[in-house]
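K.L.:
Return a 3D structure for these sequence lines:
(one chain, ligands or ions: 1)
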Amino acid sequence: MSVDVRRDGRVALITINRPEALNALSSAILDELLEELTAMKRDAEIGAVVLTGAGEKAFIAGADIHEMSTKTALEAREYAELGQEVAHTLETMRKATIAAVNGYALGGGCELALACDIRLASDRAVFGQPEINLGIMPGWGGTQRLARTTSLGFAKEMILTGRNVPAAEAYERGLVQAVLSPEELVGKALEMAALIAAKSPVAVAYCKDSTNRALHGDIGANLVHEADLFSILFTTEDAKEGLGAFTEKRKPQFVGR
Ligand code: COA
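P.N.:
Presented below is the predicted three-dimensional model:
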């Protein structure tokens with residue numbers, strides 16, 4: 001198995017485990033990752049997911065270049081769609097997704113990190129969209145999410161030059177939320193995941209859904225949607241519990257309804 005899953009309470013840790021190829025994502029690994037994420041998406045016992053890579057060198061060094069080198073255009077299309085489905089699942093599942101970027105996050109690795117809600121990096125992390133150096137281009141959402149996460153100019157610079165961006169610069173550009181030592185990275189990511197997983201799952205899902213719209217569509221419609229979700233939350237037991245617990249000066253116990 002190339003995708004390891006560890007559960008601790010309401011947090012799942014997914015580790016891409018192919019360190020001998022710097023955790024490059026073959027279609028077989030992508031299939032396995034999608035299967036795990038789809039199961040987690042439906043599992044009410046999971047509140048947050050952390051994604052990382054095995055070994056000390058890489059988070060994910062991208063799509064599998066050896067596999068891609070023999071693909072036809074039709075097969076390349078299927079590969080792009082599969083990677084995009086994985087990215088879409090990370091971005092839209094009703095629970096938090098956190099990338100713990102422990103090393104190279106290149107090509108598809110950078111793209112999957114971008115699809116996560118939050119990115120934490122080790123000081124050894126390196127980001128890049130080097131597809132241009134292979135005569136191809138990003139195909140798992142990089143041309144869209146990188147610009148939305150950083151800026152159009154910086155995204156174009158990364159994508160057109162294919163240059164590597166170290167963790168400190170990624171932080172300056174807003175590509176990651178924090179830079180940590182390699183020793184503390186996964187622990188901090190799991191801690192943040194546990195913090196979010198302890199909150200009302202309905203509220204987490206709605207916060208994510210509404211915030212995901214911030215860079216898309218019309219702000220007027222998005223604000224109406226926000227108010228709709230805000231009001232729906234007042235029908236939940238969790239909102240009664242959270243608001244009541246504050247008044248009663250106690251810790252809330254959320255049930256996900
Ligand atoms: N696909 C398939 N295999 C990959 C890979 C990828 N994206 N990235 C690394 N590997 C494999 C290498 O082929 C090598 O395997 P081998 O030992 O059987 O030859 C192994 O991982 C180690 O990589 P290597 O290049 O020897 O390590 P390095 O430390 O010298 O260089 C990188 C590290 C990340 C700079 C280099 O591996 C690289 O440029 N990888 C490709 C990154 C990329 O272009 N990703 C986007 C793909 S669209």
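
K.L.:
Pro201 contacts Gly256, correct?
P.N.:
Yes - Pro201 is in contact with Gly256 according to Cβ atoms under 8 Å; the separation is 4.3 Å. In short, each C-beta sits where N, CA and C put it, glycine included.

K.L.:
Name the residues contacting each of the two.
P.N.:
Shared contacts of Pro201 and Gly256, defined by Cβ atoms under 8 Å, 6 or more residues apart in numbering, are found at Ala44, Asp238.

K.L.:
Comparing the two, which shows the higher neighbour count?
P.N.:
For the pair Pro201 and Gly256, the greater number of neighbours falls to Pro201 (25 against 15), based on other Cβ atoms under 10 Å.

K.L.:
residue ranges with poor pLDDT in the stretch 1-150 of the chain?
P.N.:
1 (pLDDT under 70).

K.L.:
tell me the helices in it, going along the chain?
P.N.:
27-42, 65-68, 73-92, 108-115, 142-149 (DSSP state H, counting those that start in this stretch).

K.L.:
quick one: the residue minimising distance to the centre of the chain from Ala227, how far?
P.N.:
By Cα atoms, centre = their mean, the chain has its centre lying nearest to Cys116, at 1.5 Å. In this view, Cys116 and Ala227 are 27 Å apart by Cβ to Cβ, to the nearest Å.

K.L.:
and what of Ala167?
P.N.:
Between Ala167 and Ala227 the computed distance is 38 Å (Cβ to Cβ).

K.L.:
ok, now Val86?
P.N.:
Separation of Val86 from Ala227 (Cβ to Cβ) stands at 32 Å.

K.L.:
quick one: which of those two has more around it?
P.N.:
Neighbours per residue (other Cβ under 10 Å) separate Val86 from Ala227, with Val86 holding more: 25 against 11.
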